[in-house]
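Novice: I would like the atomic coordinates for the input below:
(one chain, ligands or ions: 1)
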Amino acid sequence: MAKLWQTVAGGAGEASPLDPDIESFLSSLSIDKRLLDEDLECSCVHAQMLGEQGIIRAEDARKLVSELIRLRSELKAGLIQVDPKSEDVHSFIEEELVRRLGEVGKEIHAGRSRNDQVAVAFRLHAKRAFFAAQAGILDCLEALLDLAEPNTRMLMPGYTHLQRAQPVTFAHELLAWCAALERDYGRFIDGELRANECPLGSGALAGSGLPIDREATAIELGFDRPTRNTMDAVADRDFCVEYASAAAMLLVHLSRACEDIALWTSSEYGFIKLDDRASTGSSIMPQKRNPDPAELLRGKSARVIGDLSSLLVLQKGLPYAYNRDLQEDKSIFFDIEDTLSASLKAFVALVRAIRPQPGRMQSALQGSFIEATDLAEYLVSRGVPFRSAYQAAKSIISLCAQRGCAIADLDAELIQGSHSALLGLKFDMAGLAAYLKPEACVARRTQTGGPAPQKTQEEIARLRDFVSQEKNKGVQ
Ligand code: ARG
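Specialist: Have a look, this model is predicted:
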C-alpha cells in the first residue's frame, strides 16, 4: 500500500518499499480505528479552518468537509469499511479523501501532521472517556444509596485487622464505599479539566508556517484553548496517565468493596446473600453459590494497575517530541476504558443483587465484647481518665471471660472492684446495660461522618443531591 510518506532513497534510485513484516508491525489501524469518529470530526474542523484562513480555497474546504461528513455516514451505515491496508486511521481518512476528491483531497494535510492529528483525536476520545467514567460512578453511587437507605439501623460489626472492632451499621459501611467513589468522581473531573487543551495545529512538533488559527479549531472542537507548546502537545500523554491512574484507584476501591462482599457471602460471615442474578455455581460441587463477579472485579483492578504502569514506563525517558513508542498508548488506554466500563456496570448489578441478612449480622455482634470501647467511654463520662477507664474495661472484660458472662450480667460491686479508679463510683447496672447495647453505641455516634442512623440518613440525602445535581449537568 502506498504510504502518506516516502523515505528519501537510502541508496541510488527510488527507495524500496517496507519489508512486509515491518509494515504489519508498524500498522496501528486495527487499534486506532476506534478513533475514526474523532479523527473525522477533527479533520472537518481543520479543513474548515484552512478555508477560512485562505490557506485553501473556500470551495475546496466545503468539498472536503462534505466528503468527510459523507464518509462518516457511509462508515456508520456499514456501506464502506476501514481499509485494513492503511497504516493507521489517519492515513485511511486522507487516502480516502484523495481517492474520492483527487487533488482537493490532497489539500487536507496542510498545516497539520499525524503527530498532532493523533494527539487531538485521542484527547477528544479521552475527554469522553473521562465523562463516561463519571457517569458510571454516579450509577454505582445510586445503587449503593438505594441499598443503604433502608438499612441505616441494620447493625453489624465493623472490623479492624479482620477482627470485630465496634458496632456500625450496614449503611455506614456502604457509605464508606461511597466516600471513596466520590473522591474518584472528583479525580475524573479534574483529569478532564487538564486534558481540555487542543493539540491540533502543533504539527509534527513545531507548529506550521502557514497562517493557521489554533484558537478557532480548539473552540470549534469544544476544548478550552489550544495547548501551550507545540512540542509538548505532540509528546504529552499525561491525560492517558491521569485517566489510568483515576481508573486504577477507582478499581482498587471497587476491589476492596468486592473483597468485603465476597467475605460477607461466605458461610463464616453470612452477612449477605447474592441473588441468583449475581451468583455462580460450581461445575462439580452442586451446593456452591460463588461470588464470582465480586472476585473478577477484584481481579480487574490488577489489570488496570498494570496498564497504568505500562503507560508510565512507555513515556519514561522518551526524548522530545513525538516517538513511535507512543503508538502503544492507545491499546492500553482502550483496555482501561473497556475494563472500567464493564466493571462499573457489573458493580452496579452486583450491588443490586445484595440481600442483607440482619440476623447473621446481629449474632456476630454477640460474644466478642464489641462494646468494650463504649464501656471505657461510659467510665470517661463518669469522670474516669480514659487510660484508667481503658484498663478498668479490660479488667471487666477479663472477669466476664473467666465467668463466661456478658458485661451486663456482672453486678455493680464487681465492676467497682475491677480497678482502683472506679472506687467510690455507683453503677446503675440497668442503665449500663442499656448504654452498652449495640444500637445505643451506634446511636451515640452522631458526629460528622459517624454511624448514627440520623447522620447516615443525612449523608445519604447529601449524596442523593450530589448525584442528581451531577446528572442534571448532563453526566449520565
Ligand atoms: N499511528 C501513529 C500513532 O498512533 C501516528 C503517528 C505517526 N507519526 C509518525 N511520525 N510516524 O502514534
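Novice: can you pull out the strands in the stretch 201-350 of the chain?
Specialist: Counting by DSSP state E, counting those that start in this stretch, residue ranges of the strands within the stretch 201-350 of the chain are 225-226, 272-274.
Novice: what do you get for the stretch 351-476 of the chain?
Specialist: Taking DSSP E, counting those that start in this stretch, the strands of the stretch 351-476 of the chain run over residues 354-356.
Novice: just for it, where's the confidence low?
Specialist: When residues are selected by pLDDT under 70, those of the stretch 351-476 of the chain lie in 475-476.
Novice: Ok, which of the strands of the stretch 201-350 of the chain comes nearest the ligand?
Specialist: Minimum separation from the ligand across those (Cβ to the nearest ligand atom) falls at strand 225-226, 19.4 Å. The way it works is simple: take the backbone N, C-alpha and C, and place the C-beta from them, glycine included.
Novice: Now do the same for that closest one: mean pLDDT, whole number.
Specialist: Average pLDDT, strand 225-226: 98.
Novice: Start at 13, not 1
Specialist: Got it, first residue is 13 now, which makes that one strand 237-238.
Novice: Could you list the paired strands of that strand along with their orientation?
Specialist: Strand 237-238 has the following strand partners under DSSP bridges: strand 209-210 (parallel).
Novice: hmm, back to that, single out the most deeply packed of the strands of the stretch 213-362 of the chain.
Specialist: Ranked by mean neighbour count, these are led by strand 284-286 with a mean of 21 (mean count of other Cβ atoms under 10 Å).
Novice: Need the strands of the stretch 213-362 of the chain in CSV (columns: distance to the ligand).
Specialist: As requested, these are exported to CSV (distance: least, Cβ to the nearest ligand atom, whole Å):
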stretch, distance to the ligand
strand 237-238, 19
strand 284-286, 42
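Novice: mind listing what the residue of the stretch 263-412 of the chain found nearest the ligand touches?
Specialist: Using Cβ to the nearest ligand atom, the single residue of the stretch 263-412 of the chain nearest to the ligand is Q339, 3.7 Å away. With contact set as Cβ atoms under 8 Å, 6 or more residues apart in numbering, Q339 has these partners: S40, D44, D100.
Novice: Ok, which of the strands of the stretch 213-362 of the chain comes nearest R364?
Specialist: In terms of Cβ to Cβ, the element of these nearest to R364 is strand 284-286, at 10.1 Å.
Novice: I'd like the average pLDDT over that closest one.
Specialist: Mean pLDDT, computed over strand 284-286, is 96.
Novice: What of stretch 213-221?
Specialist: 97.
Novice: sorry, back to before: among the contacts of Q339, which ones lie close to the ligand?
Specialist: Contacts with the ligand within the contacts of Q339, counted by Cβ under 6 Å from any ligand atom: S40, D44, D100.
Novice: pLDDT score assigned to the last one?
Specialist: Reported pLDDT at D100 in the predicted model: 93.
Novice: go on, the first one?
Specialist: If you check S40, the pLDDT there is 95.
Novice: Just give me the neighbour total for M61.
Specialist: M61: 23 surrounding residues under other Cβ atoms under 10 Å.
Novice: thought it was touching T229?
Specialist: Yes: contact criterion Cβ atoms under 8 Å: M61 and T229 qualify, at 5.1 Å.
Novice: Would you agree A177 falls within a strand?
Specialist: Yes: A177: assigned to a strand according to DSSP: H, G, I helix; E, B strand; the rest coil.
Novice: contacting residues around it?
Specialist: P169, G170, Y171, I382.
Novice: Please repeat the previous calculation with a cut-off of 6 Å.
Specialist: Residues in contact with A177 (Cβ atoms under 6 Å, 6 or more residues apart in numbering) are G170, Y171.
Novice: how close does it get to the ligand?
Specialist: 51 Å (Cβ to the nearest ligand atom, to the nearest Å).
Novice: rewinding a little: mind checking which of the contacts of Q339 are in helices?
Specialist: Mapping those onto helices (DSSP state H) picks out D44.
Novice: Give me the buried subset of the contacts of Q339.
Specialist: Buried subset of these (neighbour count, 16 or more other Cβ atoms under 10 Å): S40, D44, D100.
Novice: Closest one of these to L156?
Specialist: Nearest to L156 out of those is D44 (Cβ to Cβ; 36.2 Å).
Novice: Just give the nearest non-adjacent residue to the closest one, would you?
Specialist: Leaving aside its sequence neighbours, D44 sits nearest to V101 (Cβ to Cβ, 6 or more residues apart in numbering; 4.5 Å).
Novice: A245: neighbouring residues, count only.
Specialist: 27.
Novice: likewise the one 3 residues further on?
Specialist: Other residues within reach of D248 by the criterion other Cβ under 10 Å amount to 22.
Novice: Over to A464?
Specialist: A464: 19 surrounding residues under other Cβ under 10 Å.
Novice: And the nearest residue to it once chain neighbours are set aside, how far from Q466?
Specialist: In space, and not counting its chain neighbours, A464 is closest to T458: 4.4 Å by Cβ to Cβ, 6+ apart. T458 sits 6 Å away from Q466, going by Cβ to Cβ, to the nearest Å.
Novice: Next, the contact list for whichever residue of the stretch 113-262 of the chain sits closest to the ligand, please.
Specialist: Across the stretch 113-262 of the chain, the shortest distance to the ligand (Cβ to the nearest ligand atom) belongs to R126, at 3.9 Å. R126 makes contact with H102, according to Cβ under 6 Å, 6+ apart.
Novice: how about 8 Å then?
Specialist: For R126, the contact set (Cβ under 8 Å, 6+ apart) comprises L16, D100, H102, S103.
Novice: The second one contacts L41, correct?
Specialist: It refers to D100. Yes: if you go by Cβ under 8 Å, D100 and L41 touch, sitting 5.4 Å apart.
Novice: one step back: present the strands of the stretch 213-362 of the chain as TSV; the columns should include distance to A418.
Specialist: As requested, the strands of the stretch 213-362 of the chain are exported to TSV (distance: least, Cβ to Cβ, whole Å):
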stretch	distance to A418
strand 237-238	67
strand 284-286	27
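Novice: For E209, the count of nearby residues, please.
Specialist: 19.
Novice: Apart from its chain neighbours, what residue comes closest to it?
Specialist: Leaving out its chain neighbours, the residue that sits closest to E209 by Cβ to Cβ, 6+ apart is T239, at 4.4 Å.
Novice: Sketch out the low-pLDDT regions of the stretch 13-162 of the chain for me.
Specialist: Residues of the stretch 13-162 of the chain that meet the criterion pLDDT under 70 lie in 13-14, 23-24.
Novice: Spell out which parts of it neighbour the ligand.
Specialist: By Cβ under 6 Å from any ligand atom, the residues of the stretch 13-162 of the chain that approach the ligand are S40, D44, D100, R126, N127, V130.
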